[in-house]
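Visitor: take this sequence and fold it.
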Amino acid sequence: MVIIDGGGRTLMPGLIDAHWHAFLVAPPTPVLLTADIGYLHLLAGQEAGNTLQRGFTSIRDLAGLPSASSVPSIPASSPAHASGPPA
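Guide: Residues are numbered from 1 along each chain as shown. From the prediction side, this is the model:
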């Protein structure tokens, strides 16, 4: 058994959101329908980062833009590309 001194803090596993929409969270509907696809990708990436900061380390995107499935995923363990919730 390994005991970790958390200094009085609570350690919990990452949360899983099994119903999430990368492209449908941040922009209002008029923007979603008229904005450039590159801009929408940036908004979706920003929202994914916000979701990670809230403690969700796994998400399941249940739709969005047709091109959403072509967006490469970046492992959350890659510190050069993603950060996690504050320690």
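Visitor: okay, and Leu40 sits in which element?
Guide: Here Leu40 sits within helix 37-53, counting by DSSP states H and E.
Visitor: now that helix: buried residues?
Guide: Neighbour-count burial for helix 37-53, with 16 or more other CB atoms under 10 Å as criterion, is recorded at Leu40, His41, Leu43, Ala44, Gly45, Glu47, Ala48, Thr51, Leu52. C-beta: built from backbone N, CA, C; applies to glycine.
Visitor: closest to Gly7 out of those?
Guide: Nearest to Gly7 out of the buried residues of helix 37-53 is Leu52 (CB to CB; 23.1 Å).
Visitor: roughly how far apart are the closest one and Gly45?
Guide: In this view, Leu52 and Gly45 are 11 Å apart by CB to CB, to the nearest Å.
Visitor: ditto for Ile37
Guide: 13 Å.
Visitor: between those two, which contacts overlap?
Guide: Shared contacts of Ile37 and Gly45 (CB atoms under 8 Å, 6 or more residues apart in numbering): none.
Visitor: next structured bit after the helix holding Leu40?
Guide: Heading C-terminal from helix 37-53 (DSSP H and E), you reach strand 56-61.
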